[in-house]
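Colleague: I need the structure of the sequence given here:
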Amino acid sequence: MAVPVAFFALFFAYPVAAIVGRGLKVDGVWQFGRIGEVLTRPDIREVLWFTSWQALASTALTLLIALPGAYVFARFDFPGKQLLRAVVTVPFVLPTVVVGTAFLALLGRGGFLDELWGVRLDTTVWAILLAHVFFNYAVVVRTVGGLWAQLDPRQEEAARVLGAGRFAAWRRVTLPALAPAVAAAALMVFLFTFTSFGVVQILGGPGFSTLEVEIYRQTAQLLALPTAAVLTLVQFAAVGAILAVHAWTVRRRETALKLVDAAQTARRPRGAGQWALLCGVLLTVLLLILLPLGVLVERSVNTTGGHGFDFYRALASVDAGGGTFLVAPLEAIWNSLQYALVATVIALVVGGLAAAALTRRAGRLVRGFDALLMLPLGVSAVTVGFGFLITLDKPPLDLRTSWILVPLAQALVGVPFVVRTMLPVLRAVDGRLREAAAVLGASPLRAWREVDLPLVRRALLVAAGFAFAVSLGEFGATVFIARPDRPTLPVAVARLLGRAGELNYGQAMALSTILMVVCAVSLLLLERIRTDRSGEF
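Modeller: Numbering: from 1, shown residues only. So this is what the prediction gives:
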């Protein structure tokens, strides 16, 4: 646990604490009265209210739309199922900037619906809610569907034989077993929407602001560190409570009914009702997921002179961005790939060691560390990024001008995915195999290399793929620390969208399309090597 603890203490706890200290300390004295001053302001109360109710609405809407999909993926067997499973997961690993861009092309001014029917939904809460459902659909499908696929259907059939109707059997047998998974999925969706940044920033306009957006505004635009510090503490407390409840639901899910092989429970749809359900889910995937992505691609090739690749060619020119970049926007692709690869290596080392420690030890302290590893998914990335700038600027950690700062921030987001992917597989390795290797004279390192590694190799590749994809799309912290001459893809997209002109807009769509394709290819490769489909991701 030494390396993961040191990593999180230095690159997470220290920057966050420094930001809070800068905002709440005056001449070395803590001014906790500022908390009450900030929280009683009408504009801050409005931000807190909007953050909470939009997260609740997004969670409810996501469950309503995605639970039928979870059932279909769990119980039905149909051609193209694995490909479709990868497709619905693509939005989850897409940067929120790209998600916002896709829905801007669909719902915004001059967008697909505006041209077709004169309908505009940008700068409305509906655009934000739909984008959140798009982003979190896979969370419900994977978390709930993964467990649903392993529930023995004979238990529900036995209830039917004893006289229960179809709905009564599902309500009394299946629903109680699924409840922990549904609760875990709902909490994760609430967490991601409660801390939403890129989607609200692009689609909400000046009229809507979540906690994360307000922290960014107070920090980067107004330099009001006391207000930002208070909002960071509020978000930290809320995320800590959510993660504590989430850890409890995960433990309940692990002690659910006896599970069976998922391959034994799926069958082809039977009857008009099941075929109608399958068609309804396929239509939902088409309209909710494929349509925004398709419109994004179409906008990237829709130029004034007709469809072509002018926007893609403009990415190679420095002047085409109108002074937005010091280098050609195309270089952001190479920068992002380099950063993401380094971040993946860091996340694998830190997350792999943490997962190994959590596998071999028990107790409240270790369980608390497990929850701590999830905090970067919910705590303000804006705070972390700005904290990097004000803390890592003195020897021996004078990293403010170093390229490694970006991969370190990205790795913070990748580590939770590595831990959650590796942990179930490592726990399934029989400890007696290591003991037998030790009896035969193997050192601990050789036992790990020849016993554990072959058994967890596939999970390691899946963890690396997820870490790479989420590192590639990290935006909240990177927007602060990416150097002007080495922008990442999400930062480049945001800068282009922030400038007027058709060329800037088209280049933003082109870069978003490239980023989407890279993420989609990564997910398709993961689905080919993935064996365990019951995990959270």
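Colleague: which regions of the stretch 351-500 of the chain sit below the pLDDT cut-off?
Modeller: Applying pLDDT under 70 to the stretch 351-500 of the chain flags residues 360-368.
Colleague: Please enumerate the helices of the stretch 1-150 of the chain.
Modeller: For the stretch 1-150 of the chain, helices defined by DSSP state H, counting those that start in this stretch occupy the ranges 2-8, 14-24, 33-39, 42-75, 81-93, 96-107, 112-117, 125-148.
Colleague: Could I get those helices in a markdown table, plus columns for mean neighbour count and distance to residue 516?
Modeller: Bear in mind the C-beta positions are built from the backbone N, C-alpha and C, glycine included. Shown next, in a markdown table, are the helices of the stretch 1-150 of the chain (neighbours: other Cβ atoms under 10 Å; distance: least, Cβ to Cβ, whole Å):
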| stretch | mean neighbour count | distance to residue 516 |
| --- | --- | --- |
| helix 2-8 | 16 | 30 |
| helix 14-24 | 20 | 30 |
| helix 33-39 | 14 | 38 |
| helix 42-75 | 19 | 20 |
| helix 81-93 | 20 | 7 |
| helix 96-107 | 27 | 6 |
| helix 112-117 | 13 | 16 |
| helix 125-148 | 25 | 12 |
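Colleague: Now the strand or helix carrying residue 284: buried residues?
Modeller: Using DSSP states H and E, residue 284 sits within helix 271-285. By 16 or more other Cβ atoms under 10 Å, the buried positions in helix 271-285 come out as 274, 277-278, 281-282, 284-285.
Colleague: what about the strands in the stretch 351-500 of the chain?
Modeller: 393-394, 397-398 (DSSP state E, counting those that start in this stretch).
Colleague: what residues does stretch 436-447 touch?
Modeller: With contact meaning Cβ atoms under 8 Å, 6 or more residues apart in numbering, stretch 436-447 is reached by 434, 450-451.
Colleague: so which of those residues comes closest to residue 38?
Modeller: Nearest to residue 38 among the contacts of stretch 436-447, counting by Cβ to Cβ, is residue 434 at 52.6 Å.
Colleague: wait, isn't that closest one in contact with residue 453?
Modeller: No - between residue 434 and residue 453 there is no contact under Cβ atoms under 8 Å: 11.7 Å.
Colleague: coming back round to it: same for the helix holding residue 284, what does it pack against?
Modeller: Secondary-structure packing of helix 271-285 (3 or more Cβ pairs under 8 Å, 6 or more residues apart in numbering; DSSP states H and E): helix 42-75, helix 81-93.
Colleague: Distance to residue 394 and mean pLDDT for the ones you listed - can I get that in CSV?
Modeller: Shown next, in CSV, are the helices and strands packed on helix 271-285 (distance: least, Cβ to Cβ, whole Å; pLDDT from 0 to 100):
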stretch, distance to residue 394, mean pLDDT
helix 42-75, 33, 92
helix 81-93, 35, 81
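Colleague: Chain neighbours aside, what residue packs nearest to residue 217?
Modeller: Nearest in space to residue 217, with sequence neighbours left out and distances taken as Cβ to Cβ, 6 or more residues apart in numbering, is residue 209 at 6.9 Å.
Colleague: List phi and psi for that neighbour.
Modeller: The phi/psi pair for residue 209 (degrees, to the nearest 10) reads phi -150, psi 120.
Colleague: Kindly tell me how buried it is, as a neighbour count.
Modeller: For residue 209, the count of nearby residues is 21 (other Cβ atoms under 10 Å).
Colleague: likewise residue 485?
Modeller: Neighbours around residue 485, by other Cβ under 10 Å: 10.
Colleague: isn't it right up against residue 335?
Modeller: No - using Cβ under 8 Å as the test, residue 485 is too far from residue 335 to be in contact (9.3 Å).
Colleague: need the contact list for residue 133.
Modeller: By Cβ under 8 Å, 6+ apart, the neighbours of residue 133 are 58, 61-62, 65-66, 288.
Colleague: Put together CSV for these, with distance to residue 344 on each row.
Modeller: As requested, the contacts of residue 133 are exported to CSV (distance: Cβ to Cβ, whole Å):
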residue, distance to residue 344
58, 29
61, 33
62, 28
65, 32
66, 28
288, 29
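Colleague: Residue 128: which of those is nearest?
Modeller: Looking across these and measuring by Cβ to Cβ, the closest to residue 128 is residue 58, at 7.6 Å.
Colleague: For the closest one, give its distance to residue 496.
Modeller: Relative to residue 496, residue 58 is positioned 27 Å away (Cβ to Cβ, to the nearest Å).
Colleague: now swap in residue 514 and tell me
Modeller: 13 Å.
Colleague: swap in residue 128?
Modeller: For residue 128, the distance to residue 496 - Cβ to Cβ - is 21 Å.
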